[in-house]
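K.L.:
quick one, what's the 3D model for this:
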Amino acid sequence: MTAQKEERLVTLEEFIIQAQNRFPGATGELSQLLRDIGLAAKIISREVNKAGITNILGFDGSTNVHGEAVKKLDLFADSQLISALERSGITCMVISEENDGIVKLSTTGGKYIVYLDPLDGSSNIDVNVSIGSIFSIYMREPRFDNAVHEQDALQPGSKQVAAGYVLYGSSTTLAYTTGLNVSLFTLDPSLGEFILCDRCVKIPKHGNIYSINEGSYNSWDVGLKRYIKYCQEEDTESGRPYSARYIGSMVADIHRTLIKGGIFIYPHSKKYPNGKLRLMYECNPLSFIIEQAGGMATDGENRILDIEPKAIHEQTPIYIGSPENVKHVMDFLHEFAEKEPEFKI
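P.N.:
Predicted coordinates for the structure are as follows:
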C-alpha cells in the first residue's frame, strides 16, 4: 500500500510571485505591496493574541475622525500598516479610519493609494471577539509634479486594483483579490507564514443566515422590516426561518457570509440617514471581494462599486452577500418604497 502523496504547502509570498509571473511585463510593485501588508498583519496578529498581557487593551483617550473612542490596539495596527507601506516606497498616500485627512508618505512619486481600516470591530477587542484589518488599493492618477492631492484618492470602488482583509479569530485568516478570484490564506504560527487554503473562494448563491443589528428595527424602512419578518417566518419548503447572526465586526460577519452564504445588512436609519459604514475602506474593499466570489453588494439602489465618492470618509448603507439573498431584499425595498411612513406592520 503506497502512502498518499502529501500536498505541498504554498505560502502567501510564493502565491503572489506565481500570480505575478503569469503577467509578462509586471513590475512586481503590487506584489511587494501585498507582501508588505501581509507582514504587518503578522505583527498585528501577534499583538492581538497577547493583548491581555502587554497592557495594550483599553482606550487611548483620544477619538478618531468619526468621534469614536480610539483603543490602543487601533493605534498599534494603524502604525504597523502605515510603516509597512512607507518602507516599500511605492505608496504615495494612505487614508485610514484613524486619521482625519490623507497621510502623505515620503515617496511622493509612489504609484499606489491605500485605504485602511486598521482594526475593524475594535469595540470587541476587550471581550476577545473576532476583529480584523481591511485594505483597499488604487492606482494613482499620473501627475507631472508628483504632488499628492486628496482628490486623487476619490475613485469609485470599481477602480480598485486589489483589496483584502485579515481576520484575527480562532486562527488568523487573510483573504484578498486582484480582480481574478478570491484567495484565502491561514497563518501557521509555527512557520510564521500565511499558507494557501483556497485559491478560488466562491460564495453560495443562497444562504439561510441574515446578519443585521435588530436593535435598530424601529428606525428602518418598511421594506427592510418586511424582509426581516420574512426571514423569521417558518416555511420548511424554503428553509425558513433563517438564522440570525451578528458579531458587530464587519470583517467577521462578511467572512462568515463569504464561506456560508446569506446576507449582511447595515441600512440607513433615523440615527444614520446616510448609513454608518465607510464607503472607501469598509464597503468598497469587502464588496470587491464578495463580487469576485460571485456575490452582490448594493446600497439599496446602486451597486456599491459604482458609487462616485465625494469624501474620503463617506458613509453608505450596504446590503451584501449571496446574490439570491441580495436580490430578494431589493425586491422588498422596491415593493414598499412608495408606502406612507405611517404604514404599520
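K.L.:
which stretches of the stretch 101-250 of the chain form strands?
P.N.:
Shown for the stretch 101-250 of the chain, the strands assigned by DSSP state E, counting those that start in this stretch span residues 103-104, 112-120, 131-139, 160-168, 172-177, 183-188, 193-198, 209-211, 243-244.
K.L.:
need the longest helix for the protein.
P.N.:
helix 29-49 (DSSP state H).
K.L.:
buried set for that one?
P.N.:
29-48 (16 or more other C-beta atoms under 10 Å). To be clear about C-beta, it is placed using only N, CA and C from the backbone, and glycine gets the same treatment.
K.L.:
could you do stretch 184-195 as well?
P.N.:
In stretch 184-195, counting by 16+ other C-beta under 10 Å, buried: 184-187, 193-195.
K.L.:
and the residue nearest the centre of the chain, what helix or strand is that in?
P.N.:
The centroid of the chain falls nearest to Leu286 when counting by C-alpha atoms, centre = their mean (3.7 Å). Assigned by DSSP states H and E, Leu286 belongs to helix 284-292.
K.L.:
list the helices and strands that helix packs on?
P.N.:
strand 131-139, strand 160-168, strand 172-177, helix 250-260, strand 296-298, strand 318-321 (3 or more C-beta pairs under 8 Å, 6 or more residues apart in numbering; DSSP states H and E).
K.L.:
and the pLDDT at the residue nearest to the centre of the chain?
P.N.:
As predicted, Leu286 sits at a pLDDT of 98.
K.L.:
Ser62 too?
P.N.:
51.
K.L.:
got the CA coordinates for the helix holding Leu286 in CSV?
P.N.:
Output in CSV follows, covering the C-alpha atoms of helix 284-292 (Å, rounded to 0.1, in the frame of the first residue of the first chain):
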residue,chain,number,x,y,z
ASN,A,284,-15.7,49.1,-1.3
PRO,A,285,-13.0,46.5,-0.4
LEU,A,286,-15.4,44.0,1.0
SER,A,287,-17.8,44.5,-1.9
PHE,A,288,-14.9,43.9,-4.3
ILE,A,289,-14.1,40.6,-2.6
ILE,A,290,-17.8,39.4,-2.4
GLU,A,291,-18.3,40.3,-6.1
GLN,A,292,-15.2,38.4,-7.1
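K.L.:
related to what we said a few turns ago, please name the nearest non-neighbouring residue to the residue nearest to the centre of the chain.
P.N.:
Nearest non-adjacent residue to Leu286, counting by C-beta to C-beta, 6 or more residues apart in numbering: Ile254, 5.0 Å away.
K.L.:
for Thr91, see how far away that neighbour is.
P.N.:
24 Å (C-beta to C-beta, to the nearest Å).
K.L.:
go on, Phe76?
P.N.:
20 Å.
K.L.:
who's more crowded, these two?
P.N.:
Shown here are Phe76 and Thr91; by other C-beta atoms under 10 Å, Thr91 has more neighbours (25 against 20).
K.L.:
residue boundaries of the helices in the stretch 201-345 of the chain?
P.N.:
Secondary structure of the stretch 201-345 of the chain (DSSP state H, counting those that start in this stretch): helices located at 222-232, 250-260, 284-292, 323-335.
K.L.:
now the last one, how far from the centre of its chain.
P.N.:
Right, the one you point to is helix 323-335. Averaging C-alpha positions (C-alpha atoms, centre = their mean, to the nearest Å) puts helix 323-335 22 Å from its chain's average.
K.L.:
export that helix as CSV, just CAs?
P.N.:
Taking Å, rounded to 0.1, in the frame of the first residue of the first chain, the C-alpha atoms of helix 323-335 are listed here in CSV:
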residue,chain,number,x,y,z
PRO,A,323,-26.8,37.0,-5.0
GLU,A,324,-30.2,35.5,-4.4
ASN,A,325,-30.5,36.9,-0.9
VAL,A,326,-29.4,40.4,-2.0
LYS,A,327,-31.9,40.4,-5.0
HIS,A,328,-34.6,39.3,-2.6
VAL,A,329,-34.1,42.1,-0.1
MET,A,330,-34.0,44.5,-3.1
ASP,A,331,-37.4,43.3,-4.2
PHE,A,332,-38.8,44.1,-0.7
LEU,A,333,-37.2,47.5,-0.6
HIS,A,334,-38.6,48.4,-4.0
GLU,A,335,-42.1,47.0,-3.4
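K.L.:
tell me what that helix is packed against?
P.N.:
Counting by 3+ C-beta pairs under 8 Å, 6+ apart, the packing neighbours recorded for helix 323-335 are helix 222-232, strand 263-266, strand 296-298, strand 318-321.
K.L.:
repeat that for 6 Å
P.N.:
Secondary-structure packing of helix 323-335 (3 or more C-beta pairs under 6 Å, 6 or more residues apart in numbering; DSSP states H and E): helix 222-232.
K.L.:
next, the buried residues of the helix it packs on.
P.N.:
Buried residues in helix 222-232, defined by neighbour count with 16+ other C-beta under 10 Å: 222-228, 230-231.
K.L.:
check stretch 308-315 too.
P.N.:
By 16+ other C-beta under 10 Å, the buried positions in stretch 308-315 come out as 309, 312-315.
K.L.:
okay, now Ile247: neighbour count?
P.N.:
Residues near Ile247, counting by other C-beta under 10 Å: 19.
K.L.:
contact partners of the longest helix of the chain?
P.N.:
Contacts with helix 29-49, where a contact means C-beta atoms under 6 Å, 6 or more residues apart in numbering, come from 12-13, 16, 20, 76-77, 80-81, 84, 88, 90, 135, 166, 168, 172, 194.
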